[in-house]
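K.L.:
here is my input; please provide its structure:
(2 chains)
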Number of protein chains: 2
Amino acid sequence: MTKYRFARRSAILGNSVFDHVPGTIALSSGAAYPPCLPDVVREATEAVGPLREEAMQYAPLMGLDDLRDEICAFVAKDGVKAARENVLVTYGSKSAFDLALRTFCEAGDAVIVTRPTYMTAVHIMRTHGVRFLDIGQDDKGLDAAELERKLFNLERNAEQMPKLLFDVPDFHNPTGVTTSLARRKKMLDLAQRYNFVICEDDPYRRIRFEGEAVPSIKSMDTTGHVISLGTVSKILAPGLRVGWAIGDPGVIRRMAMQKADGGSNAFAQRIVVQLMRSNKMALHIDEMVHHMCIHRDAMIDALAEHVPEAVVRAPQGGYFLWAELPEGTDAERLVELGIEEGVEISSGRLSFPNDDPGHFIRMAYSFTAPDEIRDGVARLGIAWRKLQSQANSA
Amino acid sequence: MTKYRFARRSAILGNSVFDHVPGTIALSSGAAYPPCLPDVVREATEAVGPLREEAMQYAPLMGLDDLRDEICAFVAKDGVKAARENVLVTYGSKSAFDLALRTFCEAGDAVIVTRPTYMTAVHIMRTHGVRFLDIGQDDKGLDAAELERKLFNLERNAEQMPKLLFDVPDFHNPTGVTTSLARRKKMLDLAQRYNFVICEDDPYRRIRFEGEAVPSIKSMDTTGHVISLGTVSKILAPGLRVGWAIGDPGVIRRMAMQKADGGSNAFAQRIVVQLMRSNKMALHIDEMVHHMCIHRDAMIDALAEHVPEAVVRAPQGGYFLWAELPEGTDAERLVELGIEEGVEISSGRLSFPNDDPGHFIRMAYSFTAPDEIRDGVARLGIAWRKLQSQANSA
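P.N.:
Prediction:
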């Protein structure tokens, strides 16, 4: 058998966050709700029909100009000033984040993250061999005071300073927390003072059920210290694979040069242009918000009934519910028992890049219908009681 | 102004291979011939219509099972034995190569390439910070004897051994050379002996105008030392952004884990499945071969007329013509003068990762119609005479 000489980063094989267990109710994945997937037959037909020479050819490295303009208009409504040169089209915000890592980080560099943080971002960062400077999070978001202390100490000790900060300030994945305005300002202030770049991952911002939006960090950035990572995955359809990065033109251009595959899929880009230009995307977002709110409520209610010991914070938007179980709970074991009962959730471990407290779980309410959510949580309740009785008899 | 702390690899900014000069006849880019772009309205309508739940949702990380099966059938006709577990779907062969680099190479590792080699592969390798072990090439392909000597010496001196070899054995980019069977066998033998992996980039293999196909290196690989990189970019349409890697299941799985963006675009994958299942792809390849042969002849004839000093080897297939100008010619200057005359070609420099002999150019005959090719080469002839008269008067 061939003994391959893999790179170190290949050792991350074991920790797949992409596999699902067939035959279980999927409360693990932030996939789109199937009844909400958009009908794009007209847009697709136009893209590959009259616009065939655009759709079937290599696309510009930076993305279609029309799409870059539409993205500028889209974020302008949300207070972000961007011109075409600020926008790079990518295959999604994950791919945009990967390009930011390629642009800024060598293996061994540190990236600031919340504790916990987005599991797939952890995975991507691991493939870059970066270190995690993880900072606590409360119901106002990243603990900026803790971050400030740590940065102060690093600088004082002449240690290597972090180059990037990754966060999901709106409806955080996994915790659902929305970062307060004061914290956002403080994060930006620290980014300017210590010269790191904030990657503001923004997939869920438009999926708000209630409450007032807080200005995005990017909208307050006057010094080019923020890269906004956007995507249509959560507001239109993940299958389109269209996302973007918005930032300083010099940074954006360097990120583009890190792309291995040239321009992204032109016809998916054209479909998004058409959906953005018409009011179809806006209507679709309204529909998503409507459904996701019902899903969230169904999950919270079911959890209160079946796993009353779980402490949850009702998120005002987004796709996820983060639950704290009594200290000492073995969440990894609960995931296994859940699968035996026919429901799949995620262990909090995937979201903690360093020490896992061990008793947190993440549940997605996006993909499954309300009835399935109730069924799934009921199954989780059975698993939960099994875990308790096993723990008691141990 | 913000002083960003970029990673070292960001310094490769200057060497963009993606930009084209507007208003010039593009003999620089291996883009598809627009009249040959396939009509996929029916396939696209089906993908986003009845199959919407597949098309608009996250795709499996490894690719659609149906597509992986079709790819197996496609390469089986060419002597490659592959099962679904051997196949990873990517956004193209460039993206597949990038994943192989991520999987095997740390910065500083060496990759074996031909001298010259594919310019975009050079770009991608530079973003990984690898070193180039460049080996001469003649009309039989990579100089396997030179490679053997170099490997022998590296091992004898206890130096770091290369981990990958990148080559385009069929209708090489840029030289058009097809590697002989003996050389292929020798390369595979060396890969096994010195335990490196051959990335056999295979975009042009089906675009053969004349002569007999030589077995692919992958078809002779019994030890998992070859990863075949495939794409539909040159046989269907680059805009589909569908490619693949075929290799050992453990390697393929590790490559999948290096993807930053999860599964690729499902509806482009579904379109390719439909085109592969019907005879549309086969017919389309026939059409491409027909046109590309005419394009090649037009370019060779025009070059003989307008730049008779250029020495070319007529490729038996593929997209490119590689021309050697008299020693001492400043090919970079010729590119500039060509742009002034309204034609864009590529300097050989982009294809030499290390020392550029300085007097080679690459021309693509794929994108432009025969009349434009003739016009473009005539303009190049004007630029060429200007360069000569400037050189004489200097």
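K.L.:
skipping adjacent residues, who's closest to the residue in the stretch 1-150 of chain A positioned nearest to chain B in space?
P.N.:
Closest approach between the stretch 1-150 of chain A and chain B, counting by CB to the nearest CB: A:Asp98, at 3.4 Å. Bear in mind the C-beta positions are built from the backbone N, C-alpha and C, glycine included. Distances taken as CB to CB, 6 or more residues apart in numbering or on different chains put B:Ala260 closest to A:Asp98, at 3.4 Å, once the chain neighbours are dropped.
K.L.:
check contacts around that neighbour.
P.N.:
A:94-95, A:97-98, A:124, A:127 (CB atoms under 8 Å, 6 or more residues apart in numbering or on different chains).
K.L.:
how many other residues sit next to A:Lys77?
P.N.:
8 (other CB atoms under 10 Å in any protein chain shown).
K.L.:
do the same with A:Phe132
P.N.:
As a burial measure, A:Phe132 scores 19 neighbours (other CB under 10 Å).
K.L.:
how about the one 5 residues further on?
P.N.:
A:Gln137 has 21 neighbouring residues, counting by other CB under 10 Å.
K.L.:
show me which residues of the stretch 101-250 of chain A sit near chain B.
P.N.:
Counting by CB under 8 Å from any CB of the partner chain, the stretch 101-250 of chain A comes close to chain B at A:102-107, A:109, A:120, A:123-124, A:127, A:163, A:195, A:197, A:223-225, A:233, A:237-241, A:248, A:250.
K.L.:
can you select the buried ones from the residues you listed in ChimeraX?
P.N.:
A single ChimeraX command is used to select the members of those judged buried by 16 or more other CB atoms under 10 Å in any protein chain shown:
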select /A:102,103,104,105,106,109,120,123,124,127,163,195,197,224,225,233,237,238,239,240,241,248,250
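K.L.:
for the stretch 251-394 of chain A, what spans make up the helices?
P.N.:
A:266-277, A:280-306, A:331-341, A:370-393 (DSSP state H, counting those that start in this stretch).
K.L.:
my read: the residue of the stretch 1-150 of chain A closest to chain B touches A:Ile124, true?
P.N.:
Yes: taking CB atoms under 8 Å as the definition, A:Asp98 is a contact partner of A:Ile124 at 5.5 Å.
K.L.:
and stretch A:150-163, average pLDDT?
P.N.:
Stretch A:150-163 shows a mean pLDDT of 96 in the predicted model.
K.L.:
so which bits of that stretch are buried?
P.N.:
The neighbour-count check on stretch A:150-163 (16+ other CB under 10 Å) flags A:150-151, A:154, A:162-163 as buried.
K.L.:
repeat that for stretch A:113-132.
P.N.:
Buried, per 16+ other CB under 10 Å, within stretch A:113-132: A:113-132.
K.L.:
how close does the closest residue to chain B within the stretch 251-394 of chain A sit to B:Gly247?
P.N.:
Ranked by CB to the nearest CB, the top residue of the stretch 251-394 of chain A for proximity to chain B is A:Ala260, at 3.4 Å. In this view, A:Ala260 and B:Gly247 are 17 Å apart by CB to CB, to the nearest Å.
K.L.:
show me how far the helix or strand where A:Cys72 lies is from its chain's centre.
P.N.:
Using DSSP states H and E, A:Cys72 falls within helix A:65-76. Centre-to-centre, helix A:65-76 and its host chain are 21 Å apart (CA atoms, centre = their mean, to the nearest Å).
K.L.:
residues contacting it, please?
P.N.:
By CB under 8 Å, 6+ apart, helix A:65-76 touches A:62, A:82-84, A:86-87, A:89, A:218, A:228, A:230, A:242, A:244, A:246, A:269-270, A:272-273, A:276-277.
K.L.:
how does it look with 6 Å?
P.N.:
Helix A:65-76 is contacted from outside by A:82, A:84, A:87, A:89, A:244, A:269, A:273, A:276, using CB atoms under 6 Å, 6 or more residues apart in numbering or on different chains.
K.L.:
quick one: what helix or strand has the residue nearest to the fifth one when sequence neighbours are not counted in it?
P.N.:
Of all residues beyond its chain neighbours, the one nearest A:Trp244 is A:Gly230 (4.8 Å), with distances taken as CB to CB, 6+ apart. In this structure, A:Gly230 is located in strand A:226-231 according to DSSP H and E.
K.L.:
after that strand, next one along is what?
P.N.:
Using DSSP H and E, the first helix or strand after strand A:226-231 is strand A:243-246.
K.L.:
any weak-confidence spans in chain A?
P.N.:
A:1, A:13-19, A:394 (pLDDT under 70).
K.L.:
change it to 50
P.N.:
By pLDDT under 50, the low-scoring segments of chain A are A:15.
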